[in-house]
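Enquirer: Need a 3D model of the following:
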Amino acid sequence: GMDFATRDRCRGAIEELARASAQTEEQVAEQAIKLATQAGHEEASDERRNHVGTWLVGEGRAELARLLACREKFRYRTLEWVYNHHTAVYSLGIGGFSGLFVFLIVVFAFSSGSSQAASSSAILLGLVLLLLIPVSQLAVEMVNYLLTRLLPPRPLAKMDFEISGIPDAFRTLVVVPMMLVDAETIQAEVEKLEIRYLANKEANLLFSLFTDYTDAVTLTREDDSRLLQVVRECLEALNQRHGGERFFLFHRERMWSESEQKFIGWERKRGKLEDLNRLIDGTRPETAAPLVYVGAPESLSDVRFIITLDSDTQLPHSTARRMVETLAHPLNQPRFDGFDRIMAGFTIIQPRVSPTLPSTSVSIFSRLFADAVGIDPYTQAVSDVYQDLSGEGSYQGKGIYDVRAFSRVLSGRFPEGWVLSHDLIEGAHVRVGLASDIELFDEFPQGYQSYASRAHRWIRGDWQIAGWIFPRVPHASGGRGPNPLSLLNRWKILDNLRRSLLPATSLGLLVASWLISPRVGGIATLVVGMQLFFHPLAQSLTLATTRKGLKHFDLSKVMHDLLRATADAALLPHQAAVALDAIARVWYRRVVSRRRLLEWTAQAAHWRASRRQPLFVASLALGSLFSVIVGWTIRQVMPASLPQAAPWLILWFFSPLLGWLLNLRPAEQQRDFPLPETDRRFLRLIARRTWRYFSAFVSDDTSWLPPDNYQVSHQNRLAMRTSPTNIGLWLTSALGAHDCGYLTINQVSEGLTRTMATIDRLE
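Expert: Numbering: from 1, shown residues only. Model (predicted):
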């Protein structure tokens, strides 16, 4: 019942064990089946041990190898040792590189020949403190780079429900949280929900919107009932159009929030999911206000999994089923200990999230900062440091989770009004598996302004959960108790805090070192420059050190990364100000005011970005002022450092201009300009050559179906097979041929009619 890739990994494991044990593959397979069968007869047996995959590709492989009297390959034994000691490997790697870098920098900077002032203990201590964050970032980048180069990706096992469909035991609900802002937004969200359904038609897959009213100083607003009626009618229309009770509407009324001093949806998105989980697992009080406004509540009791998406997240064809197949596999099922802690398996499967292709070309900023990968129909597992090293990924808020396991661990765990960014902290408690061979698509910020606003909220969210790096953490019922998180998960939280301090410490290191001496300034400039330009340098190194790497060397990609790093360097003062402002707000609100801890600005900032852009660019002007002040100070204190500081000062001075450019969008009127004649001729030539394939090979000889390919190298041969993709391209190309004047409408109709007649005869 598993998919091909998972079965193939099991077969590969059998081959490896057979070669290492001098036994036949059949004997190895029989031994694996025997162990799984014996585990099934044991009392209180772990269900994972009943599955042969546990013994071939899971934690039982060492026992199977011992029974077969085989010695695993050195590479496999090395990888197993690294996996079993992943925290020590990672922490020692980062600590070792960081210590080495700091030692070499300090020794070189303060060796003989440096000024006496630069050698004082106070200055030395201050410089080391400023060095810690930038140097640690460089160390983290190097360790991550080495791990992704040396460790193979660790894909997750999957079932195969493509033919049979999602079983009743794994009924899944897709839920999209949203705010009832206006009728236009509601209609757009309903349309996107319908598109998700059309791309993922499965019998046991349900779709829903979970709505909240916008924040208000009163319990109700004048247009609340109208907006709720609009979304109800839209979802009821979907059920009528597609039949059945497949579409649901969940909705909550506002509640008073002491920290926000207004009426909001309880705990925002995290509260929505907790309410929904309680509704499904039956722990929600019957006296509570109703949640279901469209759909039959009784049909939700047998929902096993929930797929949660953001309003701008795309769910490509069959992606929902593949997520279900992954979480449904016995090896991925969560396993609890006696203290309701998950010791193995996963509660959440996090797919890879990539930016949508249109959103990466909206502005100069998105073209520069987004990784426009497009849609890859042949996606394979890719490297991720945490998943490859520890077998556990990080939750990004978009994925599939086991409702009852999730609720068992997290229901009522966190204090109210405390957690803003809940994804990382929730995933750290319930174990996340990263399925990097499954891909979702999300909108990328359209400009630097919305990007900075989102970063501000993320930093505030990270600092509000900073207490979970300590041995004792706050509980929902009050007081503190033991922290159940592993050291690696605590490091993930600490790493976010460390990265939020990176712009400010890098800026402070540069300015302080320039004022100490040219030699110290040169070293600090090198450190900050290396961590900013690490990715384009690492990419060049990768291509230069891999087979066929230079053959595929893409200079434009390297130049793109260099330009992005240069933009980061120019915007360093503004990024430092954003981070420091977010951190200061968290400390003030946590310690002093205890207000606005759940302030959610990303959506509002996105809507108001165009109106506030002049004010935003004006705020960037502080970077110019900062550049002038630093330049004047260096000229007065250490003029010899001006040559090395000048490139940075120039970049900072022109950062307002850069911020304005990064928010520019392509002019709409450019679409009306006719193409040059040379471009039109070029495109028509491509169109004519493309159509030539179909005009030559789609005929009675091929039953009016397009052949997969025509091979001209080594042998002239037509591949007499086809696929739905080939057929769809042929149907579309026939219409394109008519648009280009190659076919009359009668010829199009005749050809497509014959194709549809053939399709009608297929199984």
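Enquirer: For the rest of this, base every contact and every neighbour count on C-alpha atoms.
Expert: Fine.
Enquirer: and the lowest-mean-pLDDT helix or strand in the chain, what other elements does it pack with?
Expert: Each helix and strand of the chain was given a mean pLDDT (mean pLDDT, DSSP states H and E); the minimum falls on helix 534-544 at a mean of 74. Applying 3 or more CA pairs under 8 Å, 6 or more residues apart in numbering; DSSP states H and E, one finds that helix 534-544 contacts helix 121-150, helix 555-570.
Enquirer: For His251, what are phi and psi?
Expert: Reported as degrees, to the nearest 10, the phi and psi values for His251 are phi -150, psi 140.
Enquirer: Quick check: which element contains the closest residue in space to it that isn't next to it in sequence?
Expert: Leaving aside its chain neighbours, His251 sits nearest to Thr211 (4.8 Å; criterion: CA to CA, 6 or more residues apart in numbering). Per DSSP states H and E: Thr211 is located in strand 205-213.
Enquirer: which strands and helices sit next to the helix or strand hosting Arg454?
Expert: Assigning secondary structure by DSSP H and E places Arg454 in helix 448-464. When contacts are defined as 3+ CA pairs under 8 Å, 6+ apart, helix 448-464 sits against helix 487-500, helix 572-587, helix 602-637.
Enquirer: could you dump the ones you listed to TSV with mean neighbour count and mean pLDDT?
Expert: Output for the helices and strands packed on helix 448-464, formatted as TSV (neighbours: other CA atoms under 10 Å; pLDDT from 0 to 100):
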stretch	mean neighbour count	mean pLDDT
helix 487-500	18	95
helix 572-587	20	95
helix 602-637	16	76
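Enquirer: Turn those into CSV, columns for distance to Thr24.
Expert: Putting those into CSV (distance: least, CA to CA, whole Å) gives the following:
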stretch, distance to Thr24
helix 487-500, 40
helix 572-587, 61
helix 602-637, 60
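Enquirer: Val175 is nearest to which of those helices?
Expert: For Val175, the closest of the helices and strands packed on helix 448-464 is helix 602-637, at 18.6 Å, according to CA to CA.
Enquirer: residues touching Leu238, list them.
Expert: Each residue near Leu238 by CA atoms under 8 Å, 6 or more residues apart in numbering is listed here: Glu194, Phe247.
Enquirer: low-confidence ranges in the stretch 651-763 of the chain?
Expert: Within the stretch 651-763 of the chain, the stretches with pLDDT under 70 are 665-672.
Enquirer: Mind doing that once more with 90?
Expert: Across the stretch 651-763 of the chain, the ranges flagged by pLDDT under 90 are 659-675, 711-718, 763.
Enquirer: hey, where'd the helices end up in it?
Expert: In the stretch 651-763 of the chain, the helices defined using DSSP state H, counting those that start in this stretch lie at 655-662, 677-697, 724-739, 745-761.
Enquirer: and the angle from the third one to helix 745-761?
Expert: Angle of helix 724-739 versus helix 745-761, following axes from the mean of the first three to the mean of the last three CA atoms, to 10 degrees, is 170 degrees.
Enquirer: got the contact list for the strand or helix carrying Ala65?
Expert: Element membership of Ala65 [criterion: DSSP H and E] is helix 61-67. With contacts defined as CA under 8 Å, 6+ apart, helix 61-67 is touched by Leu17, Gln31, Ala32, Thr54, Trp55, Leu56, Arg71, Glu72.
Enquirer: Generate a ChimeraX selection restricted to the buried subset of the residues you listed.
Expert: Buried residues among these (16 or more other CA atoms under 10 Å), as a ChimeraX selection:
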select :17,31,32,54,55,56,72
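Enquirer: Put together JSON lines for the helices and strands packed on helix 534-544, with mean pLDDT, mean neighbour count and distance to Trp418 on each row.
Expert: Output for the helices and strands packed on helix 534-544, formatted as JSON lines (pLDDT from 0 to 100; neighbours: other CA atoms under 10 Å; distance: least, CA to CA, whole Å):
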{"stretch": "helix 121-150", "mean pLDDT": "90", "mean neighbour count": "18", "distance to Trp418": "27"}
{"stretch": "helix 555-570", "mean pLDDT": "85", "mean neighbour count": "17", "distance to Trp418": "32"}
